[in-house]
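# Here is my input; please provide its structure:
(one chain, ligands or ions: 2)
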Amino acid sequence: MIGSERIIHGIVASAGAAIGKAVRAFDPLFIPFNSKIRPDQARKEVERFRASVEKSREQLKRVQAELKRKSGPESSFLIDAHLLVLQDRLFVDRIIEKIETSHINAEWAIQQVSDDLFQAYDRLNDDYLRERRGDLEDIVRRLLHNLQAKPLPSFRKLPYDAILIGKAVPPSTLFELRSQRIVGLATETGGPLSHTAIMARSLGIPAVMGVAGLADISSGVFLIVDGDRGVIICMPSGQTVDEYRSRAREDKKLRRKSSGSKVTPCITEDHVRISLGANINFSEEVTAAIASGCESIGLYRTEFDFFSEGKELDEESLTAGYSQVLKSAKGAPVTFRTIDVGSDQKNWDGVNMNFAVRGLRFCLENTDVFKKQLRSLYRASVNGPTRILLPFVSTIDDLDAAREIIAEVRNDLEVRRQPYDPMVPVGVMIETPAAAQTCDLMVSRVDFFCLGTNDLIQYYMAIDRSDQSVAHLYNPFHPAILRCLHQIYALLQPTGKPITVCGEMAADPPSAAVLLGLGFTSLSVSLVAYPRIQRMVCSVSFEQLRELAGQILQMQKPKDVEEMVRRTVYRS
Ligand code: PEP
Ligand code: MG
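Ligands and ions are numbered 1, 2, ... in the order given. Down below sits the predicted model:
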C-alpha cells in the first residue's frame, strides 16, 4: 500500500536488511499463566477449555483430510495420535478436574497436567514411546494457542521471504526454522545480547529487537527489517523497496570480493600476535569457520545441538556429532562449552532464568545429563584437540563438584576401556561477579579461562540482558567494567593460564581494542564479526592501546571513554 509506509524503531540485534512478509511466531512464554480464578468462574473456564479442545479437534480433522487427499491414507495416521490425546481421559479430564478443584486458569491446568505426563514419558525406556512425547507437545501447543483465539501459524507453509515476528522468539524456534525460509526477525522484547540475537547473527539473519507495536502487525504484512539502523519499515513504498534492493546487491558484491581474499594472520602493527577464534552455536558452522581461516573454535555453545528439535540426544549420537565437529575442525582446537540451559527463558511463574538454575548449576542438579555430555565429549576427544568449558560458575564448591563428576566420567571410560584423550584441558567461564572476584582461587583447579562479557556486564550493571528497557545501560566502556576486566587480568596474567575473551565485547572493534589495551591477547567472536576484528587487530599498535587503557582507566564517564577509544582505533 503506497503512502502508508510506517517506520518503527527498535534495537539493532543482527546486521543486514531483509524484505519479506511477516509471520507471527507462536509464543507460549507470554501467555498469562497461573492466574487464580474465583470458584464461581470455574464452569466458564472449563467451557473455554472444552471450546479449545473442540477447535483443536476440528483443525486436526481438516489437516487429516488434506493429508489423505495429498499423500494417501498411510500418512494421515500421524494425526490419529494427536486426536487420541484429545480423547484421552487421563489428559482432558484431569485438566478439567484441576480447573474445578484448584481454581486455576485453563492454561495453567494444561501446563501442570502435561508437565506430569512429559515427566512420565521421559522416564520410559522405550525409544518409540518416548518419541510420542512430541505428539503431546504439539497438542499442548495447539490447545494453548486456541485458548488465545489467534490463528495458529503453520511454519510448513512459510512464504519464501518470511520475517518472523513475535513478542519473543525463543532461540530454539529460530534454530528449528534455520533451514526454512526465514529472512528476518523482529521481536518486541529481547536485546542484542539475548541468545536469540546471537543465534540470528550466527545464522546471518537480520534482526531488530525491542520493537514496540509489533502486536498490531499481522501475518502477511509486507515488512523491511533493517538490522543496521534498528528499524522496521511496515508496508514500505516502492521507492524504499528499490533502495533496499539495490543496497542488497551492493552488499552481495562486497561479500563476494572479501570471501575470495586470502586469510591475514592476526598480528598488530607492532608485531604482537593475537589469537582469534570463532564462536559457533551449532555444529554445521565449523566447516565454514575453518574454510574462512579461523584458527580455532573458541566457543561452541553446545546447548542448541544438545536439545536439537526439542529432544535430548543419546550418548552415541552426541559422541558421533562431537567427533564430526573435531574432524571438520581439521586439527584446530575446539572449545566445547557444556550446556548452558536456562538463559533466555523465563519460567512460567515469572522466575528470571538469568538468575536461576542455569549453566553449571543446572548440570549439577541433572548429573545424568551432565555425565552423558561429558562422556560423549571425552569419547570424541580422540578425533582432535578438545577443550571442555564450564559455564556460569559462581562458587568453588560448584567447580569442585564438577571436577569430581569429570573424574568419575573418566574413570568410567577407563573401566569400560573406551579410549579418550586424558590431556583434555578443562576451563571455566568467568561471567559472574563472583567468578570475577575469585578467579585466582580457581587457578589450581582449571587449565584455562574464558571471559564471558555478555553475562559479566549484565550482572555487574544489574540489567537483564534480554530486557530492552535497560539495554542502554549495557556498556562495555563503563568504568565498573573496565576496572573489573583490569582486575581479572591482574589476577590471572601472572599465573600463565590462557584467557580468551568470548563475549560480544570482543566482536565490536572499539571495545575489542579496549580488551587488547587491557592486556588480553586471545579473543573469540562470531563468524560475522571475524573479518572486522581481524582488520582492526592488524591496523592498531598494541603498545598504543596499552597506553590508552592506562588513560581510560582514570576516566569517569562511558561516553568519554568511548570517544577516546574510537579516536584511537579509527584515527579520526
Ligand atoms: C557470555 O556470557 O559472554 C558468553 C559468551 O556466553 P553466552 O552469551 O552464551 O551467555
Ligand atoms: Mg554467558
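# was I right about R361 contacting D398?
Yes: counting by CB atoms under 8 Å, R361 does reach D398; the two are 6.9 Å apart. (C-beta placed from N, C-alpha, C; glycine too.)
# where in the stretch 101-250 of the chain is pLDDT low?
126-134, 149-159, 170-173, 175-176, 178-180 (pLDDT under 70).
# now the helices for it?
106-123, 127-131, 133-147, 171-176, 195-203, 238-259 (DSSP state H, counting those that start in this stretch).
# and R417, which of these is closest to it?
helix 127-131 (26.1 Å; CB to CB).
# Run the chain-centre distance for stretch 490-497.
Put simply, stretch 490-497 sits 30 Å off its chain's centre (CA atoms, centre = their mean, to the nearest Å).
# can you check stretch 424-434 too?
With CA atoms, centre = their mean, you get 19 Å for stretch 424-434.
# what about it, near ligand 2?
Yes: using CB under 5 Å from the ion, stretch 424-434 comes into contact with ligand 2 via E431.
# now check that stretch, is it near ligand 1?
Yes: Stretch 424-434 comes into contact with ligand 1 (CB under 6 Å from any ligand atom), by way of E431.
# Can you name the residues of this structure that neighbour ligand 2?
So the chain meets ligand 2 at E431, G452, D455 (CB under 5 Å from the ion).
# and the chain, which of its residues are near ligand 1?
I198, L299, R301, D340, S343, E431, G452, T453, N454, D455, C502, G503.
# Any of these buried? List them.
Using 16 or more other CB atoms under 10 Å as the burial test, the residues of the chain next to ligand 1 include I198, L299, R301, D340, S343, E431, G452, T453, N454, D455, C502, G503 as buried.
# Just the closest of those to G517, please.
For those, the residue nearest G517 by CB to CB is T453; the value is 14.6 Å.
# That closest one: what's it in contact with?
By CB atoms under 8 Å, 6 or more residues apart in numbering, the residues touching T453 are E431, P476, I481, L485, V501, G503, E504, M505, A506.
# and those residues, which of them are in strands?
Under the assignment DSSP state E, the contacts of T453 contribute V501 to strands.
# sorry, back to before: determine which of the helices of the stretch 101-250 of the chain approaches A13 most closely.
Nearest of the helices of the stretch 101-250 of the chain to A13, taken as CB to CB: helix 195-203 at 3.9 Å.
# same for the closest one, what does it pack against?
The helices and strands touching helix 195-203, judged by 3 or more CB pairs under 8 Å, 6 or more residues apart in numbering; DSSP states H and E, are strand 11-14, helix 171-176, strand 182-187, strand 207-209, strand 522-526.
# what do you get if the cut-off is 6 Å, keeping everything else the same?
When contacts are defined as 3 or more CB pairs under 6 Å, 6 or more residues apart in numbering; DSSP states H and E, helix 195-203 packs onto strand 11-14, helix 171-176.
# residues in contact with the shortest one?
By CB atoms under 6 Å, 6 or more residues apart in numbering, the residues outside strand 11-14 that reach it are 191-192, 197, 200-201, 205-210, 227, 230, 468, 471.
# of the residues you listed, closest to N281?
Relative to N281, the closest of these is R201; by CB to CB it sits at 9.3 Å.
# any idea how far the closest one is from ligand 2?
Distance from R201 to ligand 2, counting by CB to the ion, to the nearest Å: 15 Å.
# Kindly report the same for S202.
Distance from S202 to ligand 2, by CB to the ion: 15 Å.
# With G293 instead?
26 Å.
# what about that residue, neighbour count?
Look at G293: counted by other CB atoms under 10 Å, it has 16 neighbours.
# Mind pulling the model confidence for it?
For G293, the model assigns a pLDDT of 87.
# I'd like the numbering to begin with 53 instead of 1 from here.
New numbering, starting at 53: the last item is G345.
# Now it, what are its backbone angles?
phi 90, psi 10 (degrees, to the nearest 10).
# Give the buried residues for stretch 468-486.
Buried, per 16+ other CB under 10 Å, within stretch 468-486: Y472, D473, V476, P477, V478, G479, V480, M481, I482, E483, T484.
# Likewise for stretch 325-342?
Buried, per 16+ other CB under 10 Å, within stretch 325-342: 326, 328-335, 337-338, 341-342.
# cool, stretch 262-269 as well?
Neighbour-count burial for stretch 262-269 flags G262, V263, L266, I269 (criterion: 16+ other CB under 10 Å).
# What is the nearest of these to ligand 2?
Lowest distance from ligand 2 to those (CB to the ion) belongs to G262, with 20.0 Å.
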